[in-house]
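Peer 1: Model the structure of this input:
(2 chains)
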Amino acid sequence: MPPLSYFCSDFHIPPGANDFRLKTFDYNMEYNFREIEKNWKQAWKDTDIYKVSNDTSKPKFYILDMFPYPSGAGLHVGHPLGYIASDIYARYKRMKGFNVLHPMGYDAFGLPAEQYALETGQHPAVTTEKNIARYREQLDNIGFCYDWSREVRTSDPKYYKWTQWIFLQLFHSWYDRQENKARPIATLISIFEQEGNAETPCPGNEALRFDADTWATYSEKEKRDVLMQYRIAYLSHAEVWWCEALGTVLANDEVVNGVSERGGHPVEKKRMRQWFLRITEYAERLISSLDTLDWSDAMKEMQRNWIGKSNGAEVTFHLQDSEKEITVFTTRPDTIFGVDFLVVAPEHEWVADITAAEQKAEVEKYQQYVKSRSERERMSEVKQVTGAFTGAYAIHPLNKKPIPVWIAEYVLAGYGTGAIMAVPSGDDRDHAFAKHFNIPITNIFGELYNGEEAYSSKEGKIQESDFLSGLSIKEATLKAIDALVASGAGKSKVNYRLRDAGFSRQRYWGEPFPIVYVDDVPYALDEPEVTLSPKEKEKHAQLPLVEKYTPGPEGQGPLANVDDWVNTSVGRMETNTMPGYAGSSWYFLRYMDPHNDSEFASKEATSYWREVDLYIGGTEHAVGHLLYSRMWTKALYDLGFISFDEPFKKLVNQGMIQGSSRFVYRLVIKPKNQNKQPIEFPIFISWTIYENYRNKRLSDSELLELVNQHSIEAHYAIAPDKGDSYELALVPMHVDVSLVEGVVLKIDAFRNWREEYKKAIIVPEGIQDIKYICGAEVEKMSKSKYNVVNPDDIVAQYGADTFRMYEMFLGPIDVSKPWDTKGIEGVHRFLKKMWRLYFDEQTGLVVTEEPATEAELKALHKTIKKTGEDIERFSFNTAVSQFMICVNELSTLNCHKREVLEKLAILICPFAPHMAEELWNKLGNSGSVITASFPAYEERYVTENTKKYPVAVNGKPRVEMEFALDAEQSLIEKEVLADPTIIKWLEGKEPKKFIYVKGKMINVVV
RNA sequence: GCGGGUGUGGUGAAAUUGGUAGACACGCUAGACUUAGGAUCUAGUGCCGCGAGGCUUGGGGGUUCGAGUCCCUCCACCCGCACCA
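Peer 2: Model (predicted):
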């Protein structure tokens, strides 16, 4: 075996690395997981055994967890699920000979820390630091093999300096549609100088046209305005939720039912200047390169839907008696002759211009209503049709008929052109709208349209449509586009639902923009025009320390209040900060070279580690983080900073671990007579009684009688015979899961939970059965539901190895399931049982050097095969089962042989690393078990040569018969048909067919 | 509303390619050992039935010698929807 230092870091070999050898921890010989885990955690730390080198001849493998936001609540048992899975895979890959990068860090900027700061006055940096320390402690507790020397935090100035740097690369770039990649803005300027923008249409303003001479006449400000509309990171306008009462901008999830979540104040949309990323230019590449990724189909489908590519046409309608025109996007140009009205988004900028005088009041009233509506409400409200007529008419481009123009909330300004052509006979929403407002409907589907429901199917022929009549929908689509192009009124067009990503937040706790406004023109701090000293630039690029976190005036972020920071000698700094996804869009690159001060990561590091081979995290990031990261990676690739254009090759989604809530049922007794004293003391009713009462198997007076039988106090307080004079209610209340064992309430603990419960009357199941049973329900794990289980508690009680294995044993990694602490006993018992193969409580180590038997080797090699394959396909629950089967078999065989047990200790290392380490060393090996090779199985121990076949008659299995796997069908047929059970089931009938599937089953058909 | 996911014993689940449904555990029942048991071990445990046997993978229908698995249809629950991260 090579010296241990070979496997350790070659950045620097830590002192003591070579001392990693047999440590003679002295436990008595039962499975003392507390001592074992404590000692090995220390040994791992002392020797930096999990440090990873960038410089090795070994093949690389990059395994990444979605890094957590360090919330104040700490980790609950649901969070580590993915981390355990990736840790198992990382250890497995390492034992398979790979150089494995497996880092961890923190997504440390975010709203909750800022909110907390507002409430308590504590600086987010301080609380974040505290939360991170807690997270680290919890993570360390579980025994992960992270290389912590590579930790990143997005809120660290040394980190976000590079987030800002990447933002500036995007600011200094434009998207070249001909080359289909991002390029430096200088290349665009030289194109403008030579030929204007005829060949490079402006993505921010398709109508913008200028030639080289005109460009030359533009002022500096005009030029920068034009360039801004090409930049990948650009400044534009968008609406945000504005709350006047709180004086602040609110996030979507801070707005509930049209009012602010805090305080319930009214909110409305406010238009503000904000930064955006031109992700729409990447739409096509983001769709097409999904094919190269090993992600679940569901995840790819979600991204495809999010990007929402649709083929269709743009059609321009001229307004009657006006210069204005309305351009609509439609996926159904074939229905052009079925257009009965146009609908424009109510917030569209020129609604006011086209509205007729007599409709003005109505339109404005409607616009006001829409301002209070969230996008989701607007999309999902289908029963209630709303809208307003503008009084304007457009001219149909082909048949020249006048078409009324409406506004309605179901058309969104951000999608397509913000206007649609409505075809009631072919679209459900248009149909409902036309019916509701009594707009006459043109039928272009003949008998296919019944007048009651729109005909939205894509089968059939178009009718009543001039030159399109009689054509199939497909043919009509092509011909309609041709006609529109010929008449100059339209063109075919690919539309994406994807919108440019809003990149501004009116907050404090985020990356500041390295942008300064010189006479209201934004400049990047790194541009030569910004004449600040390097020191000043550094100061203004960094988030200033503040005392107060209250928002700035007019919806500006809190930074607007920091005079010393916001004002520079050349102009005012941008006061917005970047959103949460800024730092997380590229963090996987930083782990490759985390301490680099001159680049975000060196070329050597990024070209060695390349993309993440395995990324594990939740599905909730399906379209946010995962899409933005992909775009950033593509942009960095285009600009030549990295040599790959996808960040995450394989993605595994972990399911949620839900909470298992427990309920007690409080009996609330209100005397009907107002003058009587209400009954104040708490009474709790056990679950079965609650169920009986709820199902009306128990009357009010019977319930009171039960309570009275149970308690003297109650007897004095309520008169049971007068059940009628009370109003009863049984109220389910969450009870902390730590006060419950399974579903049985720990009554003393419950009484001590709250002062007011000290003397509570607790009515158990019955006179005989004195247990109080709680109700149970599966819900999301959250503090308010008292169902949070802290991994620290589980680790303290059962050990990290048990915890790790149990989380895996719960079920498939990608499925959501409720946590049940009770079930952990089985896994703990298994580890103890495995331990007893090596140690006897009295005599200590019982491992012998005797050669193993065939049966023992069979058990071992089947397990090597199965667990290896299961790890490869992320089926960790079945791997754990296999370990149980193996240990059960070896226990039955009374096997204590080194030949078997040494390999078993290595096998279990990914799952139970502490125990594996202990066993490995107690068997006399030096060095960490992680440096051992994952064992290979021998074919001869895993192949069987006979098979017990189920023999079925007419598909129903009736008997089991054993045959050699290479047996001839004729022999099998003869023996099967001679079998007495089969003869009985044949009932004398002739077999019609004899089905024999080798290695599977036999079926006789009569 | 749109998109995605999941439905199998009392519970978590297994069945990798259409081939013995319920592996492995939890829980429960009975027993052994023990001063004791929240330790350990043994046996049983999908449902109905004394039994022979029948039924059973959310409901209904279909394809097949054979369906948890494929197809159609209906239902229930969970997640995401662009400023939570």
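
Peer 1: ok, which stretches of the stretch 151-300 of chain A are helices?
Peer 2: A:157-171, A:185-195, A:212-217, A:220-228, A:283-288, A:297-307 (DSSP state H, counting those that start in this stretch).

Peer 1: what comes into contact with stretch A:939-947?
Peer 2: Residues lying outside stretch A:939-947 but in contact with it, judged by CB atoms under 8 Å, 6 or more residues apart in numbering, are A:854, A:857-858, A:860-862, A:865, A:962-966, A:999. Yep, even glycine has a C-beta here, placed from its N, CA and C like the rest.

Peer 1: Likewise for stretch A:838-853?
Peer 2: Outside of stretch A:838-853, the residues that reach it under the criterion CB under 8 Å, 6+ apart are A:28-31, A:860, A:893, A:895-901, A:905, A:919, A:922-923.

Peer 1: Near RNA strand B, which residues of the stretch 201-350 of chain A? Just list them.
Peer 2: For the stretch 201-350 of chain A, the residues in contact with RNA strand B under the definition CB under 7 Å from any atom of the strand are A:238, A:240-241, A:249-254, A:272, A:274, A:297-298, A:301-302, A:305-306, A:308.

Peer 1: of all of the stretch 551-700 of chain A, which residue lies closest to RNA strand B?
Peer 2: A:Gly580 (3.2 Å; CB to the nearest atom of the strand).

Peer 1: Show the contacting residues for that residue.
Peer 2: By CB under 8 Å, 6+ apart, the neighbours of A:Gly580 are A:Tyr69, A:Asp107, A:Phe109, A:Gly110, A:Leu111, A:Gly510.

Peer 1: Intersect those residues with the contacts of RNA strand B.
Peer 2: Of the entries in those, the ones placed beside RNA strand B under the rule of CB under 7 Å from any atom of the strand are A:Tyr69, A:Asp107, A:Phe109, A:Gly110, A:Leu111.

Peer 1: Just give the closest residue to the first one, not the sequence neighbours.
Peer 2: Think A:Tyr69. In this structure, A:Tyr69 finds its nearest non-sequential neighbour in A:Asp107, 4.8 Å apart by CB to CB, 6 or more residues apart in numbering.

Peer 1: May I have the residues that are in contact with the one you found?
Peer 2: Taking CB under 8 Å, 6+ apart as the definition of contact, the neighbours of A:Asp107 are A:Phe67, A:Pro68, A:Tyr69, A:Pro70, A:Thr154, A:Gly580, A:Gly583, A:Ser584, A:Tyr587.

Peer 1: helix/strand/coil for the third one?
Peer 2: This means A:Tyr69. When states are read from DSSP: H, G, I helix; E, B strand; the rest coil, the local structure at A:Tyr69 comes out as coil.

Peer 1: one step back: among the contacts of stretch A:838-853, which ones are buried?
Peer 2: Neighbour counting by 16 or more other CB atoms under 10 Å classes A:29, A:31, A:860, A:893, A:895-901, A:905, A:919, A:922-923 among those as buried.

Peer 1: Give me the buried positions along stretch A:855-875.
Peer 2: Of the residues in stretch A:855-875, those buried (16+ other CB under 10 Å) are A:856-868, A:870-871, A:874-875.

Peer 1: quick one, helices of the stretch 701-850 of chain A?
Peer 2: Listed in chain order, the helices found in the stretch 701-850 of chain A under DSSP H, counting those that start in this stretch are A:712-717, A:747-753, A:791-798, A:800-809, A:824-838.

Peer 1: Could you export those as JSON lines, including distance to RNA strand B?
Peer 2: Shown next, in JSON lines, are the helices of the stretch 701-850 of chain A (distance: least, CB to the nearest atom of the strand, whole Å):
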{"stretch": "helix A:712-717", "distance to RNA strand B": "29"}
{"stretch": "helix A:747-753", "distance to RNA strand B": "11"}
{"stretch": "helix A:791-798", "distance to RNA strand B": "7"}
{"stretch": "helix A:800-809", "distance to RNA strand B": "6"}
{"stretch": "helix A:824-838", "distance to RNA strand B": "2"}
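
Peer 1: most packed of the ones you listed?
Peer 2: helix A:800-809 (a mean of 27; mean count of other CB atoms under 10 Å).

Peer 1: hmm, who's touching it?
Peer 2: Around helix A:800-809, the neighbours that count as contacts under CB under 8 Å, 6+ apart are A:33, A:37, A:77, A:80-81, A:84-85, A:87-88, A:141-143, A:657, A:791, A:794-795, A:798, A:823-824, A:826-828, A:830-831, A:876-877, A:879-881, A:911-915.

Peer 1: any idea how far the spatially closest residue to A:Met302 that is not a sequence neighbour lies from A:Leu904?
Peer 2: Using CB to CB, 6+ apart and skipping the chain neighbours, the partner closest in space to A:Met302 is A:Ala622 (4.4 Å). Using CB to CB, to the nearest Å, one gets 39 Å for the distance from A:Ala622 to A:Leu904.

Peer 1: How about A:His896?
Peer 2: Where A:Leu904 is concerned, A:His896 sits at a distance of 11 Å (CB to CB).
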